[in-house]
Each structure stands twice: as structure tokens, then as C-alpha cells.
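J.: fold the following.
(one chain, ligands or ions: 1)
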Amino acid sequence: MTSLEQKIKQGRTFAIISHPDAGKTTLTEKLLLFGGAIREAGAVKARRQQAHARSDWMAIEQQRGISVTSTVLQFFYNGYRVNLLDTPGHQDFSEDTYRTLLAADSAVMVIDAAKGVEPQTIKLFEVAAKRHIPVFTFINKLDREGKDPWDLLQEIERVLGIQTFPMNWPVGMGLDFRGIYDVRQGYFEYFDREHQAYERMDFNALGDKVPEDQRQELRDALELMAEAGETFAAERVNEGQLSPVFFGSAIANFGVQNFLDTFLELAPPPTPRMSQQGPVPPKSPHFSGFVFKIQANMNPQHRDRIAFVRIASGRFERGMAVTHVRTQRVIRLNQPQQFLAQDRFIVEEAYAGDVIGLHDAGLFHIGDTLTEGSAFEFTGFPRFSPEHFAEVELKYALKHKQYQRGLKELTEEGLIQVFHPTDNGPQVFLGVVGPLQFEVLEYRMKNEYGVDVNIRPLPYTMARWIDGPWPELGRFDRATILLDTENRPVLLVEDPYTLARLQEKVPSMHLYESSDHI
Ligand code: G4P
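T.: Next up, the predicted model:
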């Protein structure tokens with residue numbers, strides 16, 4: 001095995017998806033502790049709390065340095081090089097959140113045992129499912145009363161349409177929570193509540209640590225599993241058809257190591273990425289990568305941004321010359337950065353699966369490809385359907401040039417999607433995935449471009465890209481058609497009911513939730 005192949009084999013790049021409050025931050029923190037990337041519990045949490053203490057954009061702006069470093073966290077554990085991609089899930093939920101999943105090879109879905117599958121989890125899961133990446137499930141908060149484990153598995157299967165396979169099984173819940181049984185390896189992990197510790201032991205050697213009725217419950221559960229006859233099939237996990245499920249409590253650090261060990265063993269190393277010339281294997285000797293996120297930097301004077309590049313193949317070396325394929329320019333990557341939990345540092349070398357941050361003075365767009373050797377482009381960077389829409393207007397006409405520039409650059413960054421009327425009228429419409437993005441836009445337009453804008457919310461909640469010519473809607477209530485920046489027609493509707501009525505009226509109209517099908 002070459003050293004590149006070895007490095008690729010050790011790489012794991014994944015994202016954690018969850019609904020707010022399910023415990024993503026707490027789990028991330030525990031994973032980082034195992035990886036030695038942070039020294040004390042509370043470090044990630046404290047920063048997040050500051051960032052979310054106030055809901056306005058100012059507070060988030062102050063925390064920007066932090067959110068940059070938490071976009072990707074690298075740590076080493078048990079011989080693995082782990083890249084954990086952050087998917088913001090709170091008020092700052094945005095298209096970025098979806099796009100981060102494009103850079104991951106697998107996803108970990110955190111579910112609150114008391115709440116089950118929640119709306120934001122569904123949205124993020126759908127993006128992962130479209131890519132057919134493996135999704136692992138961590139059912140959290142077993143130290144509290146929650147739903148019955150069987151019901152939770154059924155709920156995941158029913159709501160998300162993925163099969164589940166319990167990798168461990170919880171014994172008790174809430175105050176009666178005793179621990180988990182590792183189904184594959186056949187050991188029990190006892191939860192020592194008093195010392196917030198855990199102990200691996202033989203189930204038959206438990207003595208009186210677990211009352212007989214709870215032991216019987218476990219035997220019954222194992223019997224049921226055996227009767228169901230499902231065997232664990234790693235290839236179905238890899239195809240995204242089966243989700244291995246782990247139970248635990250992130251806050252008590254219980255079940256986290258059990259999860260991490262098994263997850264790293266089963267999760268795929270960097271996988272090939274699709275390009276116009278077919279799949280690009282990670283072990284190709286030539287470096288290639290794509291930009292999946294652009295984040296503006298703190299300093300409005302410099303307008304510099306960081307473009308996050310997922311390395312798709314080969315080895316990256318500081319100072320190397322690569323082709324920026326869209327512009328055909330050769331650029332030298334002199335100051336690439338990588339991120340540990342609390343610091344960023346200049347990276348000397350990195351491999352397929354890793355993420356590097358490049359200083360960007362405006363060259364990069366989302367989806368741009370960088371290559372060494374032959375120039376090709378990666379495919380599959382959809383625009384996702386915005387869920388909030390507004391009409392935007394410049395307050396003082398004199399600032400038109402700055403206004404245009406601001407809209408253009410912030411669109412390239414992926415902050416907003418811009419739409420225009422089909423009759424080429426002057427109005428400008430905006431679409432965003434999370435409503436906070438409008439506040440962000442307003443703030444940044446003023447601070448970075450010196451432009452005041454009026455943003456008038458519109459009642460639409462869904463956008464669908466239309467394949468082929470668009471129909472004449474006439475005076476159809478609660479819907480309109482606009483053009484995106486590439487002049488593709490997009491249908492905006494206020495609600496699913498209107499969408500269904502329209503589809504009935506114009507059955508020949510083919511609609512897509514994201515732009516990548518067109
Ligand atoms: P998020 O990033 O997914 O939004 O969730 P986060 O980790 O911030 O956790 C949300 C809340 O759930 C926090 O409580 C956290 O302490 C709690 N939590 C996380 N994991 C567990 C768990 O395994 N068991 C229990 N019982 N609670 C858990 P909070 O009250 O919002 O914050 P804090 O004051 O506890 O920090």
C-alpha cells in the first residue's frame with residue numbers, strides 16, 4: 001500500500017445532523033475529548049452559547065472567528081484521521097447546512113430519545129439520503145425518560161424510510177438506566193450513575209448490578225432481534241439503506257465510546273466524487289478538490305473570505321500550483337489552513353477526505369473545482385429550495401453599483417439566492433433556507449458595502465425548478481414564476497396545497513426541488 005493509500009484508508013469525514021437541542025454539540029464535544037482535541041468538557045458548548053445567546057446577527061458576527069474554526073474539526077483517534085464537519089442547526093440554519101453534507105462521506109444523526117424524529121432532522125436526512133451516504137444514528141438522552149426503544153426504531157423507519165439495526169440495546173431508561181448491551185460483540189457496558197463512569201463486563205457477571213426484571217427485558221429484546229432474523233449487512237449501510245443505531249447519553253459520556261469505535265470501523269473512508277469525466281477516485285495521484293462553503297471573514301476592510309475545499313483526490317502540499325478550473329487560472333496555495341478544535345493553523349500537507357481553508361479575495365464560488373494535472377469539474381452542487389422569500393430594494397439609488405456588487409458576491413458565497421421577474425422587470429427577489437439569512441444580508445450589505453436595503457417578506461414557502469418551458473399561470477393565486485441567476489424558471493408557491501393544485505392544472509410541468517436535475 002502506498003503512503004497515500006494508507007492515509008486515505010485512515011480518513012473519516014462525516015457530518016452530524018440533528019434537530020436543535022437533540023445534543024449535537026454535547027456529542028461533538030465528547031468526540032473531541034476522545035480525540036484529545038479539547039482538554040475540558042464545556043469548551044465547545046461555552047462558545048456556542050455565546051454565539052446563540054442573542055438571536056440577532058450582531059452576536060453571531062462577533063462570534064464569526066469561532067464559527068469559522070468550527071466548520072471543520074480534525075482529530076486523531078485509534079489510528080483514524082477524523083474530519084468532523086459542522087452543520088449549523090440553530091437560527092443560522094442555511095443552505096450551508098445542506099451543502100456541508102455534500103462534503104461528507106457519512107452522517108451521524110442525533111435523535112433525542114424523548115422527542116424522536118424532528119423536522120430539521122428530516123430535512124437534513126433527506127439531503128444525506130439523496131447522496132446515498134451511510135447514516136448512523138445516535139439516540140441520545142437515555143439518562144432521561146424517553147420513548148420505548150422499539151418505537152423509536154419504528155419511527156425512524158416509518159418517517160425516514162430507512163431500515164434500522166440496533167448495534168447496542170439499552171437496559172432501562174431515565175433513573176432506571178443501567179447501561180447498554182453491545183449486540184455485535186456481546187458485552188454489557190454498565191452505567192455507573194454515581195461516578196458518571198462506565199464499565200465493560202460480561203452480562204452474566206453482572207451480579208445484582210442490574211435487577212432481574214431488567215435482565216429479562218434485555219433477554220427478551222435480544223430474542224426478538226434474533227427472531228426478526230435481520231443480520232447486519234455492512235454493504236447496506238454503505239448504500240444508505242440501513243442505519244446502525246446506537247443508544248447512549250452524550251452528557252453522561254455514556255455509550256459515546258462504544259459508538260465512536262464502531263462508527264469509525266464501519267464508516268467509509270473517502271469515497272469517489274462525481275465529475276464530468278466520471279468518478280474521481282480518492283487515490284488518484286493528482287490533487288483535486290471542490291469548494292463547498294465560503295465564509296466571509298471578520299474584517300470588513302479586507303473583504304477576504306475563506307473558501308472551504310474538500311480534497312477529493314490525491315495529496316495536497318502547501319505552496320502547490322493548481323488550476324482553478326472555472327477561470328482556467330493557475331493559483332498557488334500558499335496559506336492554506338486547517339482547523340483543530342480551538343485553533344486554525346497553516347497546513348503543510350493534507351489528503352483526500354480532508355478539508356482545507358483557502359483565503360479568498362473573491363475568486364471562488366461554491367462548487368468550484370481545483371485540480372492538479374488535467375482540468376475537469378466536479379458535478380452535483382444543487383441549489384436547494386429556499387423556504388423564505390422576500391423582495392429587496394435599495395434605499396438610495398446612488399448606491400446602485402455597490403448594491404449590485406453586494407448581491408452578486410453574497411450570492412456567490414451562497415448566503416442568498418437571487419431571482420428576477422420573467423418579464424425582465426427591475427425587481428429583485430431573494431430566497432433563503434433559514435430566515436436569519438435576511439438579517440445577515442441586511443447587516444452585511446450595510447457593513448461591508450455601505451448599502452441600506454429594504455427587505456419585504458413574501459408569503460412563499462417553497463421553490464421548485466421547472467424543467468422545460470414554463471406555463472402561463474395567469475392570475476393563479478399564491479404562486480408565481482421567477483428566473484434564477486442562470487435564467488432557469490422557478491415556481492414559487494405559498495403552500496403544498498397550491499403546489500398540488502398547480503400540478504393538477506398543468507400535469508405536463510416537471511418540477512424539481514433542487515436545481516441539479518435540470
Ligand atoms: P444541540 O447542539 O443539538 O442543539 O444540543 P446541545 O448539545 O446543545 O444540547 C441541548 C440540551 O440537551 C442541553 O441542555 C444539553 O445539556 C442537553 N443534553 C445533551 N445531551 C444530553 C443527554 O445525554 N442527556 C440529557 N439529559 N441532556 C442532554 P441545556 O439545558 O439547553 O443546556 P445546558 O445548560 O445543560 O448546557
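J.: for this structure, which spans come out with low pLDDT?
T.: Applying pLDDT under 70 to the chain flags residues 37-71, 88-93, 297-304, 338-345, 475, 516-518.
J.: so what's the residue in the stretch 251-400 of the chain that the ligand sits nearest to up against?
T.: Closest residue of the stretch 251-400 of the chain to the ligand, Cβ to the nearest ligand atom: Ile251 (3.5 Å). Heads up, the C-betas are built off the backbone N, CA and C, glycines and all. Listed by Cβ atoms under 8 Å, 6 or more residues apart in numbering, the contact set of Ile251 reads 23, 26, 141, 143.
J.: mind running it again at 10 Å?
T.: Contact partners of Ile251, counting by Cβ atoms under 10 Å, 6 or more residues apart in numbering, are 23, 26-27, 29-30, 41, 140-141, 143-144, 196.
J.: the ligand contacts on the stretch 251-400 of the chain?
T.: Within reach of the ligand by Cβ under 6 Å from any ligand atom, the stretch 251-400 of the chain has these residues: Ile251.
J.: hmm, Ala479 is touching Pro496, no?
T.: No - assessed by Cβ atoms under 10 Å, Ala479 is found out of contact with Pro496, at 11.7 Å.
J.: helices or strands next to the biggest helix by length in the chain in the packing?
T.: Ordering each helix of the chain by length in residues (DSSP state H) puts helix 212-228 first. For helix 212-228, the packing partners by 3 or more Cβ pairs under 10 Å, 6 or more residues apart in numbering; DSSP states H and E come out as helix 149-160, strand 163-166, strand 168-171, strand 179-182.
J.: try 8 Å
T.: Applying 3 or more Cβ pairs under 8 Å, 6 or more residues apart in numbering; DSSP states H and E, one finds that helix 212-228 contacts strand 168-171.
J.: near the ligand, which residues of this structure?
T.: Checking the chain against the ligand by Cβ under 6 Å from any ligand atom, the hits are 18, 20-26, 45, 140-141, 143-144, 249-251.
J.: what comes into contact with the longest helix of the chain?
T.: Here helix 212-228 has contacts from 149, 166, 169, 171-172, 176, 178, 181, 183, 203, 206, using Cβ under 8 Å, 6+ apart.
J.: again, only using 7 Å
T.: Under the criterion Cβ atoms under 7 Å, 6 or more residues apart in numbering, residues 166, 169, 171-172, 178, 181, 183 lie in contact with helix 212-228.
J.: among those residues, which one has the most neighbours?
T.: Val171 (27 neighbours; other Cβ atoms under 10 Å).
J.: OK, contacts around the residue nearest to that residue when sequence neighbours are not counted?
T.: Computed as Cβ to Cβ, 6 or more residues apart in numbering, the closest residue to Val171 that is not its neighbour in sequence is Arg178, at 4.4 Å. Residues near Arg178 by Cβ under 7 Å, 6+ apart: 171-172, 190-191, 210, 214.
J.: now Arg178: how far from Gln163?
T.: Applying Cβ to Cβ, to the nearest Å, the value for Arg178 to Gln163 is 27 Å.
J.: Val108 touches Phe136, doesn't it?
T.: Yes - applying Cβ atoms under 7 Å, one finds Val108 in contact with Phe136, separated by 5.0 Å.
J.: ok, Val127 - contacts?
T.: With Cβ under 7 Å, 6+ apart, Val127 has these contacts: 98, 101.
J.: wait, is it part of a helix?
T.: Yes - counting by DSSP: H, G, I helix; E, B strand; the rest coil, Val127 is part of a helix.
J.: any idea how far the residue nearest to Val171 lies from Tyr198?
T.: Using Cβ to Cβ, one gets 11 Å for the distance from Arg178 to Tyr198.
J.: Val291 bridge partners, please.
T.: Val291 has the following beta-bridge partners by DSSP bridges: Val309.
J.: give me the number of residues near it?
T.: Look at Val291: counted by other Cβ under 10 Å, it has 26 neighbours.
J.: surely it touches Thr369?
T.: No - applying Cβ under 7 Å, one finds Val291 not in contact with Thr369, separated by 8.1 Å.
J.: and the helices in the stretch 351-500 of the chain?
T.: Along the stretch 351-500 of the chain, counting by DSSP state H, counting those that start in this stretch, helices occupy 400-412, 436-449, 496-505.
J.: that older thread, Leu333: which of the contacts of helix 212-228 is nearest?
T.: Of all those, Leu333 sits closest to Pro166, with 44.6 Å by Cβ to Cβ.
J.: higher neighbour count, Ala479 and Pro496?
T.: Ranked by neighbour count (other Cβ under 10 Å), Ala479 and Pro496 place Ala479 first, with 18 against 10.
J.: returning to what we had before: any quick ChimeraX command for the buried ones out of the contacts of Ile251?
T.: ChimeraX command restricting these to the buried ones, with burial defined by 16 or more other Cβ atoms under 10 Å:
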select :23,26,27,29,30,140,141,143
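J.: which ones are touching Phe438?
T.: By Cβ under 7 Å, 6+ apart, the neighbours of Phe438 are 388, 390, 432, 455.
J.: pull the number of nearby residues for the residue nearest to the last one when sequence neighbours are not counted.
T.: Spatial nearest neighbour of Ile455, excluding adjacent residues (Cβ to Cβ, 6+ apart): Ala390 at 4.8 Å. Applying other Cβ under 10 Å, we find 23 other residues in the vicinity of Ala390.
J.: again with Ile466
T.: For Ile466, using other Cβ under 10 Å, the count is 18.
J.: show me what it bridges to in the sheet.
T.: Leu511.
J.: the helices of the stretch 351-500 of the chain: which one's closest to Gly255?
T.: Closest to Gly255 of the helices of the stretch 351-500 of the chain, according to Cβ to Cβ: helix 436-449, at 32.9 Å.
J.: contacts only, for Asp452.
T.: Asp452 touches 395-396, 446, counting by Cβ under 7 Å, 6+ apart.
J.: quick check: closest non-adjacent residue to Glu412.
T.: The nearest residue in space to Glu412 (Cβ to Cβ, 6+ apart) is His365, at 4.8 Å.
J.: make that Ile331, sorry
T.: Nearest one to Ile331, counting by Cβ to Cβ, 6+ apart, is His324 at 5.4 Å.
J.: swap in Asp477?
T.: Nearest to Asp477 is Thr498, by Cβ to Cβ, 6+ apart, at 7.4 Å.
J.: thought the one you found was touching Phe476?
T.: No - applying Cβ under 7 Å, one finds Thr498 not in contact with Phe476, separated by 8.2 Å.
J.: tell me which of those two has more neighbours.
T.: When neighbours are counted by other Cβ under 10 Å, Thr498 and Phe476 differ, and Thr498 comes out ahead with 19 against 16.
J.: from Met509, how far out is the more buried one?
T.: 13 Å.
J.: ok, back up a step: give me every residue that touches the residue nearest to Ile455.
T.: Counting by Cβ under 7 Å, 6+ apart, Ala390 has contacts 430, 438, 455-458.
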